[in-house]
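Colleague: got a predicted model here, sequence first, then my questions.
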Amino acid sequence: MSLYTITGAQLAFGHVALLDHADFSLEAGERVGLIGRNGAGKSSLLTIVADLSKPDDGLVTRQQNLTTVYVPQEPEFDVDHTVFEAVAAGLTQARAALDEFDQVAHELADAPEGPAHDALMSRLTALQSSLDTTDAWNWRNRVETTLAQIGLDGSLRVGALSGGMQKRVALARALVVQPDVLLLDEPTNHLDFDGIRWLEELLISQRSGLLFITHDRAFLDRVATRIVELDRGRLLSYPGNFSEYQTRKAQQLEVERIENDKFDKLLAQEEVWIRKGVEARRTRSVGRIARLVEMRGERADRRNVQGNVKLDVGQGEKSGKIVAELTDVSKHYGGRTIVDTFSATVMRGDKIGFVGPNGAGKTTLLKIILGELKPDEGTVRVGTNLQVAYFDQMRAQLDLEKSLADTISPGSDWVEVNGTKKHVMSYLGDFLFAPERARSPVKSLSGGERNRLLLARLFARPANVLVLDEPTNDLDIPTLELLEELLTDYDGTVLLVSHDRAFLDNVATSVIASEGEGKWREYVGGFTDWTIQRERSAQMALEASKEVSKEAAKDTAAKDGGAGRNAQRAAKMSFKEQRELEALPVTIAALEAEQKEINGKLADGSIFAKDAAEGARLTARYGVIDEELLVAMERWDELESKRK
């Protein structure tokens, strides 16, 4: 039996039907990813399942005593509470029942025999049964266990935590209830890569039913066992993860297109027939006329697939070949090192992703690259003719009181994109804003709509360097895919901060990653390439440290055995090792030259468009050379030490 079922649900805001006779069910242990366009009604459906709102019509059934917990996109806390108190707030009802049990028990002890005594005894029995069922007796232990599971310090004040840590507190507050159904709205917002991986593992290990909204395709692929799409008021179910959904959805849309084309062709033929004259309206054709009327009504009621955003960025004049050159750059704040002796060259056309945990200093490094922030040590040479456009994750560039039209084109009804003038109403229509909303204030928009407006504002200005700070937050999946396509074809330079792994894989040609303690390193390729290379480097470092330990153990053993002559013999280089030492500089130089040549071919990303297989081969070879160089340098250092 399903934990939760909706049958024939209807929900509308104004003339738009968010749910149109929609059906939905959730089975025990299922992890359902809910997807759909911004404004389709996903959050509304989630609040209906959470029993926080009701549909206009339809049947809702749930298992008896079903426990459902809803974690909103932006959870609210009392900022003065400790983490322990905030998590314990999830057990408010259980603690209230426990307090009532104590109160009834005291009253029962003082009550004389009679009807009042019997009523108190009956109430006490009911409370005890409820407390046993919910395990409320051990509420404090449950809170401490949940805090340990999620890795939170219960003594910290909630108001002092980062957005990512507050998201963890919200999840802990939900999980301490041990719900049958867990509902999450955009759970990956404010989480860095490590936080997202941690959340994936946590949700996969949970036994409760899960319904969650997210636009993170990698997260959907890892966590979801079923995808449910809210599309034009209907809920369509697709078994499997997001990759499997994409295949099935493409097939379904093709079938729908063919069926609609057939219907439209038949309707056009009937419209021609009805206009032929009186002869067509004889009594024997009444049925055909009735069918035509029915077809007209069916065509009018059809809800077509919503159009996609039309993205086009205003191309500025070309910048200089070198956008920025950093040499041994360092930056400190207080006693903390944000950037430690980092060197890099950003070339025109590079698409660089910046990755690292929250607070690592990604935005600081971006500002140093663009010359907006001076380093404490080292030099930065900024290129010529840079036209920089910013996308700010905090949406600070938006004036909430301004209208949409004034935000895009202040004081004018026209915008110019790539030399073509366009009316602001038409331009806003490209970003799916209806003309009647153009004069509405920005504050009336949802989070996803505000991000779309920011993109519209960004692309209306000519630029040759795009700086995108978390552009994917709140954008629906079709818009994300279009943005990826636009950035891939963009001739200028892209500097991108994002926690969307699929987005980084599809856009970035190289990654600058934080390696802790202010150390940054550049890797060729996207997010997946970076993780593979990082894991290889960590494995090689581990093996090298083991080798050093073995050598140290051998040296110690030789010393303990006495025999100075034997020790000298062991330390003396063999003829073969001398030859190897002489050949190593040539080997290292050849590897570095090959790596430099590959970097030149991969720099502008064009090779991936011309020959994807060759691009993949060169990327893999670049990573192998990294490993070979590391081994060669370590061997050279080892032999040099032995020679001396």
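Modeller: Perfect, thanks for sending it. All values reported here derive from a predicted model rather than from experimental measurement.
Colleague: what mean pLDDT does stretch 58-78 have?
Modeller: If you average the pLDDT over stretch 58-78, you get 88.
Colleague: list the buried ones in that stretch?
Modeller: In terms of neighbour count (16 or more other C-beta atoms under 10 Å), stretch 58-78 has its buried residues at 58, 62, 68-73, 75, 77. No exception for glycine: its C-beta is placed from N, CA and C like everyone else's.
Colleague: correct me, but V104 touches S122?
Modeller: No. Contact criterion C-beta atoms under 8 Å: V104 and S122 do not qualify, at 10.0 Å.
Colleague: hang on, the earlier thing: which one of the buried residues of stretch 58-78 is nearest to Q533?
Modeller: Q73 (33.8 Å; C-beta to C-beta).
Colleague: who's in contact with that closest one?
Modeller: If you count contacts by C-beta atoms under 8 Å, 6 or more residues apart in numbering, Q73 has them with 43, 185-186, 189, 447.
Colleague: farthest pair in those?
Modeller: The distance between the two most remote of the contacts of Q73 (C-beta to C-beta) is 13.0 Å, for S43 and N189.
Colleague: which element is A613 on?
Modeller: Applying DSSP states H and E as the criterion places A613 in helix 612-643.
Colleague: and that helix, what does it pack onto?
Modeller: The contact analysis (3 or more C-beta pairs under 8 Å, 6 or more residues apart in numbering; DSSP states H and E) places helix 612-643 against strand 520-524, helix 527-560, helix 575-602, helix 606-610.
Colleague: what about 10 Å?
Modeller: Applying 3 or more C-beta pairs under 10 Å, 6 or more residues apart in numbering; DSSP states H and E, one finds that helix 612-643 contacts strand 520-524, helix 527-560, helix 564-571, helix 575-602, helix 606-610.
Colleague: is I196 in contact with A218, as I believe?
Modeller: Yes. With contacts counted by C-beta atoms under 10 Å, I196 reaches A218, the gap being 8.2 Å.
Colleague: and of the helices and strands packed on helix 612-643, who's closest to D500?
Modeller: helix 527-560 (8.7 Å).
Colleague: how far off centre is stretch 91-111?
Modeller: How far stretch 91-111 lies from its chain's middle: 45 Å, per C-alpha atoms, centre = their mean, to the nearest Å.
Colleague: what's next to it, contact-wise?
Modeller: For stretch 91-111, the surrounding residues in contact (C-beta atoms under 10 Å, 6 or more residues apart in numbering) are 88-89, 116-128, 130-131, 133-140, 142-143, 146, 173, 176-178.
Colleague: hey, what's in contact with both of I196 and A218?
Modeller: Residues touching both I196 and A218 (C-beta under 10 Å, 6+ apart): 188, 500-501.
Colleague: now those in JSON lines, please, with extra columns for distance to E592.
Modeller: JSON lines is the format used below for those (distance: C-beta to C-beta, whole Å):
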{"residue": "T188", "distance to E592": "39"}
{"residue": "D500", "distance to E592": "34"}
{"residue": "R501", "distance to E592": "30"}
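Colleague: please check those and keep the buried ones.
Modeller: Listed as buried from those are 188, 500-501; burial here means 16+ other C-beta under 10 Å.
Colleague: from the residues you listed, which is closest to A632?
Modeller: Nearest to A632 among the buried ones among the shared contacts of I196 and A218 is R501, at 32.0 Å by C-beta to C-beta.
Colleague: distance check, the closest one against E485.
Modeller: 18 Å (C-beta to C-beta, to the nearest Å).
Colleague: redo the helices and strands packed on helix 612-643 as TSV? Include mean pLDDT.
Modeller: Below are the helices and strands packed on helix 612-643 laid out as TSV (pLDDT from 0 to 100):
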stretch	mean pLDDT
strand 520-524	90
helix 527-560	76
helix 564-571	46
helix 575-602	79
helix 606-610	66
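Colleague: which parts of the stretch 151-300 of the chain are helices?
Modeller: Here the stretch 151-300 of the chain has its helices, by DSSP state H, counting those that start in this stretch, at 163-175, 193-205, 217-223, 242-274, 286-301.
Colleague: nearest to D469, of the ones you listed?
Modeller: helix 163-175 (14.2 Å).
Colleague: which of the residues in that closest one are buried?
Modeller: Applying a neighbour-count criterion of 16+ other C-beta under 10 Å, one finds 164-175 buried in helix 163-175.
Colleague: quick check, nearest of these to S537?
Modeller: G164 (25.8 Å).
Colleague: pretty sure that closest one contacts G151?
Modeller: No. At 11.9 Å, G164 does not count as touching G151 under the criterion of C-beta under 10 Å.
Colleague: hang on, the earlier thing: take the helices and strands packed on helix 612-643 and write them to CSV, including distance to R207.
Modeller: As requested, the helices and strands packed on helix 612-643 are arranged in CSV below (distance: least, C-beta to C-beta, whole Å):
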stretch, distance to R207
strand 520-524, 38
helix 527-560, 29
helix 564-571, 59
helix 575-602, 46
helix 606-610, 43
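Colleague: now the nearest residue to E229 once chain neighbours are set aside: how far from R226?
Modeller: Once flanking residues are discounted, E229 sits nearest to L236: 4.8 Å by C-beta to C-beta, 6 or more residues apart in numbering. Per C-beta to C-beta, L236 is found 11 Å from R226.
Colleague: residues shared between the contacts of these two?
Modeller: Y245.
Colleague: how many residues are close by A28?
Modeller: Here the number of neighbours of A28 (other C-beta atoms under 10 Å) works out to 13.
Colleague: need phi/psi at it.
Modeller: Per-residue torsions, A28: phi -60, psi 130 (degrees, to the nearest 10).
Colleague: just to check, it is in contact with D180?
Modeller: Yes. Counting by C-beta under 10 Å, D180 is a contact partner of A28 at 7.7 Å.
Colleague: overlap in contacts of those two?
Modeller: Contact with both A28 and D180 is made by residues 3, 63, 207-209, according to C-beta under 10 Å, 6+ apart.
Colleague: which of these are buried?
Modeller: Looks like the shared contacts of A28 and D180 have 3, 208-209 buried, using 16+ other C-beta under 10 Å.
Colleague: average pLDDT across the one helix or strand A86 maps to?
Modeller: Following DSSP H and E, the helix or strand that holds A86 is helix 83-88. For helix 83-88, the mean pLDDT works out to 89.
Colleague: other SSEs contacting it?
Modeller: Checking 3+ C-beta pairs under 10 Å, 6+ apart, helix 83-88 ends up next to helix 139-150, helix 163-175.
Colleague: restricting to C-alpha, output stretch 544-555 in CSV.
Modeller: Taking Å, rounded to 0.1, in the frame of the first residue of the first chain, the C-alpha atoms of stretch 544-555 are listed here in CSV:
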residue,chain,number,x,y,z
ALA,A,544,55.5,8.0,-2.2
SER,A,545,55.2,8.5,1.6
LYS,A,546,55.1,4.7,2.1
GLU,A,547,58.2,4.3,-0.1
VAL,A,548,60.0,7.0,2.0
SER,A,549,59.0,5.1,5.2
LYS,A,550,60.4,1.9,3.8
GLU,A,551,63.7,3.6,2.8
ALA,A,552,63.9,5.2,6.3
ALA,A,553,63.3,1.8,7.9
LYS,A,554,66.1,0.2,5.7
ASP,A,555,68.5,3.0,6.7
